[in-house]
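A.B. asks: structure here, sequence nowhere to be found:
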């Protein structure tokens, strides 16, 4: 199925119907994709503070009203309960299942958060001639837990997660300049080269996503990643936390050019 140039509305409909169940990297060129976190309202304030204290990993786009599955600005007619191709369910810090629909779990006490995703700026890298290997190879982006602690907020604490893309040093400099215009979706890299500095022992064994081919002359470039809340969930242990499965994003109706204006 050719999905690269499908509209966000069409893609969300395919996801809602269960026709599209894979990761969303490379889809909906030019439109913002978002990480998703859904929590009982008693945890919402602390998590909101966590996002504000960690803008490189959790750049907050929007917060729903309590009990509302809608984001009228980011997704007209969208439903956060059905429009993510795969969700992860955490209970007391344990990943208990992955599902394609959370209608049965969603209550009128839930608050949903949309967090910027680096998939949003990948088309800008491609247009500038910078390779995005996981798209070339049809993979999900490689993601790694690091040894860098996030700024804590209440029960939400733990180390940040990063996403990685391979490129030459010259391309990394160019990518840094390009992504400086995308501060609402992670912005510039947090680290270039030397994965061991981040506590990453094996670049070919990501904690999330899939490994990609490393070519001669390339170095890893790391961006903050919206999977960070899933890492901190292991420490925070909320009674219930629903997130997107890594790489399975909420596709919004908003163009990245609108976000950066």
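C.D. replies: Ah, there it is. Nothing here was measured: the structure is a model prediction, and the numbers come from that model.
A.B. asks: need the pLDDT of the residue lying farthest from the centre of the chain.
C.D. replies: In the chain, counting by CA atoms, centre = their mean, residue 216 sits farthest out from the average C-alpha position, at 28.3 Å. What the model reports as pLDDT for residue 216 is 96.
A.B. asks: would it count as being in a helix?
C.D. replies: No - Residue 216 is assigned coil when assessed by DSSP: H, G, I helix; E, B strand; the rest coil, not a helix.
A.B. asks: end to end on stretch 69-80, go ahead and measure it.
C.D. replies: End-to-end distance for stretch 69-80: 5 Å, by CA to CA, to the nearest Å.
A.B. asks: also stretch 139-146?
C.D. replies: The first residue of stretch 139-146 is 21 Å away from its last residue (CA to CA).
A.B. asks: same check on stretch 140-157?
C.D. replies: End-to-end span of stretch 140-157 (CA to CA): 26 Å.
A.B. asks: next one: stretch 53-71
C.D. replies: 23 Å.
A.B. asks: stretch 114-128 now?
C.D. replies: Start-to-end, stretch 114-128 (CA to CA) is 27 Å.
A.B. asks: again, but for stretch 137-155
C.D. replies: End residues of stretch 137-155 are separated by 38 Å (CA to CA).
A.B. asks: list the buried ones in that stretch?
C.D. replies: Buried residues in stretch 137-155, counting neighbours by 16 or more other CB atoms under 10 Å, are found at 139-146, 148, 150, 152-153, 155. The way it works is simple: take the backbone N, C-alpha and C, and place the C-beta from them, glycine included.
A.B. asks: which one among those residues gets closest to residue 23?
C.D. replies: residue 140 (4.4 Å; CB to CB).
A.B. asks: adding distance to residue 168, write the buried residues of stretch 137-155 out as TSV.
C.D. replies: Shown next, in TSV, are the buried residues of stretch 137-155 (distance: CB to CB, whole Å):
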residue	distance to residue 168
139	20
140	23
141	19
142	18
143	22
144	21
145	26
146	23
148	25
150	30
152	37
153	38
155	42
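A.B. asks: secondary structure and pLDDT added to those, as a markdown table?
C.D. replies: Shown next, in a markdown table, are the buried residues of stretch 137-155 (DSSP: H, G, I helix; E, B strand; the rest coil; pLDDT from 0 to 100):
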| residue | secondary structure | pLDDT |
| --- | --- | --- |
| 139 | coil | 88 |
| 140 | coil | 88 |
| 141 | coil | 92 |
| 142 | coil | 95 |
| 143 | strand | 95 |
| 144 | strand | 96 |
| 145 | strand | 94 |
| 146 | strand | 96 |
| 148 | strand | 95 |
| 150 | coil | 94 |
| 152 | coil | 93 |
| 153 | strand | 94 |
| 155 | coil | 88 |
